[in-house]
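1. I'd like to go over a predicted model; first the sequence, then the structure.
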Number of protein chains: 2
Amino acid sequence: MEKKDSHCDPREVLERKQLARTAPRIAILEKLIRSDRAITVNDLVSEGMDMDRVTIYRTLNTLRDKGIVREIPTSSGTNYYEMACRHNPLHPHFYCTSCRSMTCLPPLAGGEMKAWLTLPEGLLARDLTVSISGLCGRCDGAPVRKEKEK
Amino acid sequence: MEKKDSHCDPREVLERKQLARTAPRIAILEKLIRSDRAITVNDLVSEGMDMDRVTIYRTLNTLRDKGIVREIPTSSGTNYYEMACRHNPLHPHFYCTSCRSMTCLPPLAGGEMKAWLTLPEGLLARDLTVSISGLCGRCDGAPVRKEKEK
DNA sequence: TCACGGATGCAACTCGTTTGCAACAACGGG
DNA sequence: CCCGTTGTTGCAAACGAGTTGCATCCGTGA
């Protein structure tokens, strides 16, 4: 399982996306690739990542912008991150609003919504949210950074 | 369209859920019922809601806990809210990461995922997130409020 | 090996949301 | 209809995730 697959090698991932192979990026990617679940910035910090929090935030944003990682928002305001490669296909996530834990659910079989609502034993669903993010017509191409919304 | 439907009357909604019919709650519900899109706390404030922000936050949390409104998280940390009644069936949302606007997409036809990815003209999807929130096995029943996650 | 441009670290900050507490008001019993 | 209980509101302060400015550092390509 520790195969030298190009999609599992931080350096190759970075090179393919034309990103500098720096120590922080490699370390974060290694952690993300090894993890079997989506993780937060705090997870990275508390597991001995010896770097500034800001670096983690910036790195994750870069990886997200390049399509290397998926960003999963939660109602608590904490974002979770996971690898976005073919080894980790799109799947629903279950977020416990009480203990604030994030669980990956099995990938979609055929994309039927019903299957998504068939939850593993013990999980009690309160809400299903499908959110698609990207750029709307007005913003296509030119990102507007800090514009106050009316 | 301004029908005296029980699902569209703030007072009846509150009574059915055994919540006190206070002015702030009625005002917020009225706004949510009238709105054709999901809105934020800032939307409520900037549209002349004459009450403390804290009251809005607490009210929305209460309505969410009672299943009256749906809470839609975004990666920017801002939550959006919309009515969760049969007049407003479950539907995907499109969030522009640039201008931070939220758009409601047509309800699911048959629940097929493919249909969700057929976006209206102009929208450029970067990521699809399916998140189911609720209570996990450990938390079933007893909400743990402020426990630090490891 | 060198210079350049992008990446990092630090400090300070923004912003959405929560919490503690005192004042207040909705609601059911008398 | 009034009154006490209980839940709700307002205010101030705090919290926590994430961002920004700037000086320094270091990968990268020549």
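-> Arrived safely, thanks for sending.

2. switch to C-alpha atoms for all contacts and neighbour counts from now on
-> Will do.

3. and the host helix or strand of A:Tyr81, how far from the chain's centre?
-> Using DSSP states H and E, A:Tyr81 sits in strand A:80-83. Distance of strand A:80-83 from the chain centroid (C-alpha atoms, centre = their mean, to the nearest Å) equals 2 Å.

4. just checking, what packs against it?
-> Applying 3 or more C-alpha pairs under 8 Å, 6 or more residues apart in numbering or on different chains; DSSP states H and E, one finds that strand A:80-83 makes contact with helix A:23-34, strand A:69-72.

5. rank those by pLDDT, which is bottom?
-> The stretch with the lowest mean pLDDT among the helices and strands packed on strand A:80-83 is strand A:69-72, at a mean of 93.

6. Strand partners (parallel or antiparallel) of it?
-> With DSSP bridges as the test, strand A:69-72 is paired with strand A:80-83 (antiparallel).

7. Please enumerate the strands of chain A.
-> Residue ranges of the strands in chain A, as given by DSSP state E, are A:69-72, A:80-83, A:93-96, A:102-104, A:124-135.

8. Of the ones you listed, which is nearest DNA strand C?
-> Nearest to DNA strand C among the strands of chain A is strand A:93-96 (13.6 Å), distances taken as C-alpha to the nearest atom of the strand.

9. where along chain A do the helices fall?
-> Counting by DSSP state H, residue ranges of the helices within chain A are A:10-16, A:23-34, A:41-46, A:53-65, A:113-117.

10. what's the angle from the fourth one to helix A:23-34?
-> If I follow you right, that is helix A:53-65. Relative orientation of helix A:53-65 and helix A:23-34, computed by axes from the mean of the first three to the mean of the last three C-alpha atoms, to 10 degrees: 60 degrees.

11. Helix A:53-65 vs chain B: in contact?
-> No: using C-alpha under 8 Å from any C-alpha of the partner chain, we find that helix A:53-65 stays clear of chain B, coming within 9.2 Å at best.

12. re earlier: let's have the strands of chain A in JSON lines, adding mean neighbour count.
-> Below are the strands of chain A laid out as JSON lines (neighbours: other C-alpha atoms under 10 Å in any protein chain shown):
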{"stretch": "strand A:69-72", "mean neighbour count": "24"}
{"stretch": "strand A:80-83", "mean neighbour count": "22"}
{"stretch": "strand A:93-96", "mean neighbour count": "24"}
{"stretch": "strand A:102-104", "mean neighbour count": "19"}
{"stretch": "strand A:124-135", "mean neighbour count": "21"}
